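Undergrad: Need a 3D model of the following:
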Amino acid sequence: MTEQQTTDKPLNGRLMTNYTSRKGKKKEWKDLTIDPLSEGYDSHHAEYVVGKAPITWALLEAGQLFSRSKSGKNLHVKLNDGRAICLDTRQPIEIKPSIRNSLQVWVVTNFNSTSANKTDF
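TA: Predicted coordinates for the structure are as follows:
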């Protein structure tokens with residue numbers, strides 16, 4: 001058999017298909033909005049402290065609490081590599097792959113929910 005005949009030969013009863021020619025909707029990433037809660041808003045009744053130095057988004061683990069601003073006036077939870085949710089507004093945010101290694105966030109280093117005087121939801 002020639003090389004062309006070998007590549008055209010069905011594999012396990014199936015013809016080889018070119019997966020790069022798949023059609024479908026390409027993911028469109030939205031730009032991050034300015035965080036409206038970054039200044040002067042803190043609805044959390046529990047005490048928490050954010051770190052003194054920012055880290056990059058890629059270093060966060062899923063489930064970690066973080067703030068998008070150094071003032072720490074808002075809290076988010078990382079859901080996966082590309083998404084997080086704001087605890088104040090319950091709005092999800094998407095992080096573009098192009099900024100995941102440069103986006104700076106402040107990790108919550110101490111969270112004391114026993115200091116809350118009422119539920120926060």
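Undergrad: Any regions of this structure where pLDDT drops low?
TA: 1-22, 36-46, 113-121 (pLDDT under 70).
Undergrad: buried stuff in the longest strand seen in the chain?
TA: The longest strand of the chain (DSSP state E) is strand 104-112. For strand 104-112, a neighbour-count test (16 or more other CB atoms under 10 Å) marks 105, 106, 107, 108 as buried. The C-beta positions use only the backbone N, C-alpha and C, and glycine is treated the same way.
Undergrad: again, but for stretch 82-101
TA: 84, 86, 87, 88, 93, 95.
Undergrad: measure the third one to residue 100 for me?
TA: According to CB to CB, to the nearest Å, residue 87 and residue 100 sit 21 Å apart.
Undergrad: do the fourth one as well
TA: Residue 88 sits 23 Å away from residue 100, going by CB to CB.
Undergrad: next one: the second one
TA: Taking CB to CB as the measure, residue 86 falls 18 Å from residue 100.
Undergrad: now swap in the first one and tell me
TA: Per CB to CB, residue 84 is found 11 Å from residue 100.
Undergrad: Strands of this protein, residue ranges please.
TA: 47-50, 55-56, 65-67, 76-80, 83-86, 92-94, 104-112.
Undergrad: Show the residue spans covered by the helices in the protein.
TA: Ranges of helices in the chain, per DSSP state H, are 3-8.
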